[in-house]
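# what would the 3D arrangement of this be:
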Amino acid sequence: MKSLMLLWQTVADEFGDLCGVSTLRDFQTVTKRCEDEGLSFMTITLPSFCQDLQKGLADGKVTRDSFQGFSWRAGLPQFLGGFLELIFNAKTGSLVDEPSIEAITAVRQLCLLFSKLELPASNKRRRASLRGFVDCESEIKRSDGVRSVEDLHAFGRLAGLVWSEVLQRVENDLWREHAGRRDNTLWPYLVPKHGPGATADRLTGNGKFDVCEWSQRLEVLFPYGEYALPSWRYHSRYDRVDLREPGSERPVRVVTVPKTLKTPRIIAIEPSYMQYMQQGLAAMIVPSIQRDYSLGRVVGFDDQWRNNQLARRGSLDGSFATLDLSEASDRVSNQLVRAMLSRFPHLKEAVEAVRSRKADVPGFGVIRLAKYASMGSALTFPIEAMVFTTLVFLGIERAKGTTLSRSDIFKLRDMVRVYGDDIIVPVEYARTVIQTLELYGLKVNVRKSFFEGNFRESCGKEYYLGHDVSVVKVRRVAQMGNVVELPSSRRFVPEVESTVALRNRFYLFGLWRTAAWLDEWIDRLLGQQYPPIEVRAMVPWEEPSPRSQMLGRWSVLPIKYPLGIVRVDPGRQTLMIKGWVVQNRAPASPVSGIGALQKVLSPRRFKPFEDPRHLERTGRSEFVRMKLRWIHV
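So this is what the prediction gives:
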C-alpha cells in the first residue's frame, strides 16, 4: 500500500497548504492504522469518518457519539483536527459562524479518496450480502402480508392519477402491437433487443440471436416466431425451442460484483429471452415518461443535472431535502407494481410476463421472489422510478392533508425529482415522505439523507452552502496477491487507464500538485509518449471532452508539442501526435444463418455498418492492450 499512502500524503499536504494546516500527525495516524488494520482503514473506516462529518454539518455540531474509534482532544477528534477546527468550535464542537469550504472539501477528499475501490470483498462480506438479499425477500413478504387494503387502494388511486396519460400511451401501443399481429402486419411498436451483459443461460454475443429457450408466459403475449425469428418462413426452428412452463422457468442467477470493500453489489442476471423482451418494453415506457411535460421533469433517466441543481439550491436556502434509499430496487414489491398498473391490462400483463419469478442465490438455493426485480432487469430502473414517484406524491398528499389533483402535480413538477434511488422533495414534506416510503416497505438511508442544515447530496454531487464539495475517488488499482498498489507496469492496462483518468480528474479539480505527482508516476510507465492533450471548453452539465482519445495529460492551456511525438499527416495536412491508445478486441462469436438474418433485419436493434465483422466478433472484450499509434488532434 506504499504508493496509495504516498498519494494520500500528497493530497493531504496540498490541502494542508491551502488551509494553512499541518498534516504531519494525520499521516502518522494513517500509517499506523494501515499497518494495524490494512486497506480496510482507507476503504471502510475513513468513509465512516466522513459520514459523521456530514451528520455534524446537518446537525450543526458534533458529539462524542461521532467519529468512533478516534481519540479526542476537547470538543473534536485529533485526527484531521487542524481541518476540523476550521469547521467546528474546538471546545464545544458546535459549527462555527463561517465554516471553511476548503476544509470541508479537504476532510471529505481525504476520507473518501479510496472509498470506491473496485476490489472484491471478502468471502464473509459477500456471504453477508447474499444473506441480506434473502432476508430482504422475507421482509417484503411480511410487508405485503400486513399492508392494509386502504393503503394499497390509496397507492393505486394516486398511481392512476400520476401515470394515467403516460401509461395510456404505452397501453395503446401494446394494443396496436397485438392488433397488428392479428392482421398479419408487424407493427414496430415493441422492438426488443439484446444487451451486452451476461445472461443466466450463459449465452454471449451473437449466440443470443440463436436463443432456443422461451417461456410459455412470453409465448402467450410475445410469440417466439414473431420476435426471435426473422420471419415465419423459419418456423421449423420451433422444433428446437424449449418452451418452459411457469414452474420450470430458468431463475435469475444472483451474483456479487465489486462496489466497495464493505458491501459488494448484488446483481440478478436474467435469462437471455427475458432480458431481450425487457429491453423492448423499457424502450416503450421510458420515452413515454420523458415526453410528458410534467413527469418528464420529475423523473430522470439520463440527466442528473436537475438533481444537482436542486441539491445545490437546497444547501443554500434549505428549501429541498435529498433522500437516499437503501436496497432500493430489491425492496420494490411486485404487489405495488400490480396495483400501479391495474388500470392498464395490456401493460400489466406484459410487465408480468417479462418478470422472472425465481432467483438462484449461491448458498441459499432457488427462492421465489416477492420483489418486482433486482438490478439486472432492464425494467428495474423505470419501474422503481414510477413506484418511488407515486409514493413521494402520496407522502406530499398526506402532509398537505388534501387530495392531490392533476394541477397540483403540475405545480410540483419543478420541486420533486426522482433519479433512481436519489429523491429530492420540498423540505416541509420530507418527514412525511420518509414515513410513507417506509410504510410501503422501502428503507431510507438516514446517514445519506439530508433535510436539516446546509449539506445536500444527490447523484454523485455534494454541496454545502451552495459550494460544490464533491471529491475525486480512486477507482482501480493493481492487485498482486495481498499487495495493492498503483500500477507499476504497462501490463495492467485497465489500471493504467484508470490512473491516467484519476490524474486528469485531479487536474480539473484544482489539485495540481497531486496531478503533477501522478504525472511522474505515469511517466515511468508510458515514457515520452504521454503527451498533453487539450480539453475543449466545458459547460457545467457536460463531461470534459479531450481532443484525442489517447492516454495523455489533459490541459486547458494552449499546447506546444515537443519534437519527436508530433508530425503532419501528408494526406490530410493535419497534426498528429504519437501516444498510447487502449485497444479492445471483441471475442469470436459465431452465429447461425438464421441468427445472422435476425440480427441484421431486426428494426432498430442493430446498425450493421458500424462494424463489418459484427457477425464474426462481438460482445465485451476478451482482453485490452495498449499500443503506440499516431493519432490526429
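
# C-alpha from now on. contacts and neighbour counts both.
Noted.

# is A339 located within a strand, as I assumed?
No - under DSSP: H, G, I helix; E, B strand; the rest coil, A339 sits outside any strand and is assigned helix.

# for the stretch 351-500 of the chain, just list every one of the strands.
Shown for the stretch 351-500 of the chain, the strands assigned by DSSP state E, counting those that start in this stretch span residues 358-361, 365-368, 417-419, 422-426, 443-444, 455-458, 461-464, 467-468, 478-480, 483-485.

# lowest-confidence stretch among these?
In terms of mean pLDDT, the lowest-scoring of the strands of the stretch 351-500 of the chain is strand 478-480 (a mean of 85).

# strand partners (parallel or antiparallel) of that one?
strand 483-485 (antiparallel) (DSSP bridges).

# would you mind listing where the stretch 101-250 of the chain has pLDDT under the threshold?
180-188 (pLDDT under 70).

# can you give me the helices in it?
Ranges of helices in the stretch 101-250 of the chain, per DSSP state H, counting those that start in this stretch, are 101-112, 123-146, 149-182, 216-221, 224-227.

# how about TSV for those helices, with mean neighbour count and distance to T256 added?
Converted to TSV, those look like this (neighbours: other Cα atoms under 10 Å; distance: least, Cα to Cα, whole Å):
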stretch	mean neighbour count	distance to T256
helix 101-112	22	22
helix 123-146	15	7
helix 149-182	17	33
helix 216-221	16	28
helix 224-227	18	31
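
# per-residue pLDDT, the closest residue to E497 other than its chain neighbours?
Taking Cα to Cα, 6 or more residues apart in numbering as the measure, E497 lies nearest to L551, with 7.0 Å between them; neighbours along the chain are not counted. Looking at L551, its pLDDT stands at 90.

# now L551: how far from L369?
Shown here: L551 relative to L369, a distance of 45 Å by Cα to Cα, to the nearest Å.

# where does the residue of the chain positioned farthest from its centre sit: helix, strand or coil?
What lies farthest from the middle of the chain is P570; by Cα atoms, centre = their mean that is 44.5 Å. The local conformation at P570, judged by three-state DSSP, is coil.

# so what does it look like in phi/psi?
phi -70, psi -30 (degrees, to the nearest 10).

# could you do S329 as well?
Here S329 shows phi and psi, under degrees, to the nearest 10, equal to phi -70, psi -30.

# also M277?
Here is the backbone geometry of M277 (degrees, to the nearest 10): phi -80, psi -30.

# with adjacent residues omitted, what lies nearest to it?
With sequence-adjacent residues excluded and distances taken as Cα to Cα, 6+ apart, M277 is closest to P192, at 5.1 Å.

# buried ones in stretch 189-204?
Neighbour counts using 16 or more other Cα atoms under 10 Å place 189-195, 197-201, 203-204 of stretch 189-204 among the buried residues.

# okay, those residues in JSON lines with distance to G132 next?
JSON lines is the format used below for the buried residues of stretch 189-204 (distance: Cα to Cα, whole Å):
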{"residue": "Y189", "distance to G132": "39"}
{"residue": "L190", "distance to G132": "36"}
{"residue": "V191", "distance to G132": "36"}
{"residue": "P192", "distance to G132": "33"}
{"residue": "K193", "distance to G132": "32"}
{"residue": "H194", "distance to G132": "30"}
{"residue": "G195", "distance to G132": "28"}
{"residue": "G197", "distance to G132": "24"}
{"residue": "A198", "distance to G132": "23"}
{"residue": "T199", "distance to G132": "23"}
{"residue": "A200", "distance to G132": "21"}
{"residue": "D201", "distance to G132": "25"}
{"residue": "L203", "distance to G132": "28"}
{"residue": "T204", "distance to G132": "29"}
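
# any low-confidence regions in the protein?
180-188, 537-548, 564, 603-610, 622.

# domains in it, by residue range?
According to automatic domain parsing, the chain is divided into the following domains: 2-115, 124-463, 517-632.

# export those as JSON lines, with columns for distance to S498.
Putting those into JSON lines (distance: least, Cα to Cα, whole Å) gives the following:
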{"stretch": "domain 2-115", "distance to S498": "13"}
{"stretch": "domain 124-463", "distance to S498": "16"}
{"stretch": "domain 517-632", "distance to S498": "10"}
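
# do you know which of the ones you listed lies nearest A501?
Of all the domains of the chain, domain 517-632 sits nearest to A501, with 8.5 Å by Cα to Cα.

# now do the strands in the stretch 1-150 of the chain.
72-73, 76-77.

# what's the most buried one of those?
When the strands of the stretch 1-150 of the chain are scored by mean count of other Cα atoms under 10 Å, the highest mean neighbour count falls to strand 76-77 (a mean of 24).

# what lines up beside that strand in the sheet?
strand 72-73 (antiparallel).

# got the contact list for the partner strand?
Judged by Cα atoms under 8 Å, 6 or more residues apart in numbering, the contacts made with strand 72-73 from elsewhere in the structure are Q78.

# now it, how far from the centre of its chain.
The gap between where strand 72-73 is centred and where its chain is centred comes out at 38 Å by Cα atoms, centre = their mean, to the nearest Å.

# try stretch 549-562
The offset between the C-alpha centroid of stretch 549-562 and the centroid of the whole chain comes to 30 Å, using Cα atoms, centre = their mean.

# endpoints of that stretch, how far apart?
Here the two ends of stretch 549-562 are set 19 Å apart, with distance taken as Cα to Cα.

# of the buried residues of stretch 189-204, closest to R406?
Within the buried residues of stretch 189-204, distances to R406 taken as Cα to Cα reach their minimum at Y189, with 27.9 Å.

# residues contacting the closest one?
Taking Cα under 8 Å, 6+ apart as the contact definition, Y189 lies against D173, L174, R176, E177, M284.

# check contacts around the residue nearest to M277.
By Cα under 8 Å, 6+ apart, the contact set of P192 is Y227, Y276, M277, Q278, Q279, G280, L281, R605.

# now T10: closest residue in space, sequence neighbours ignored.
The shortest distance from T10 to any residue other than its chain neighbours is 5.9 Å, reached at T514 (Cα to Cα, 6+ apart).

# that older thread, I'd like the strands of the stretch 1-150 of the chain as CSV, with distance to F83 appended.
Conversion of the strands of the stretch 1-150 of the chain to CSV gives the following (distance: least, Cα to Cα, whole Å):
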stretch, distance to F83
strand 72-73, 14
strand 76-77, 11
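
# what does stretch 235-245 contact?
The list of residues contacting stretch 235-245 from outside it, by Cα under 8 Å, 6+ apart, reads C212, E213, W214, S215, Q216, R217, E219, Y224, G225, L229.

# okay if I get the residues you listed as TSV plus distance to G441?
As requested, these are arranged in TSV below (distance: Cα to Cα, whole Å):
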residue	distance to G441
C212	38
E213	34
W214	32
S215	30
Q216	31
R217	28
E219	33
Y224	36
G225	40
L229	41
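
# farthest-separated two in those?
Put simply, by Cα to Cα the two of the contacts of stretch 235-245 set farthest apart are R217 and L229, 17.9 Å from each other.

# excluding chain neighbours, what is closest to V392?
Using Cα to Cα, 6+ apart, the nearest residue to V392 is V433, at 5.6 Å.

# pretty sure the one you found is touching K400, no?
No - the pair V433 and K400 does not pass the contact test of Cα atoms under 8 Å, sitting 11.2 Å apart.
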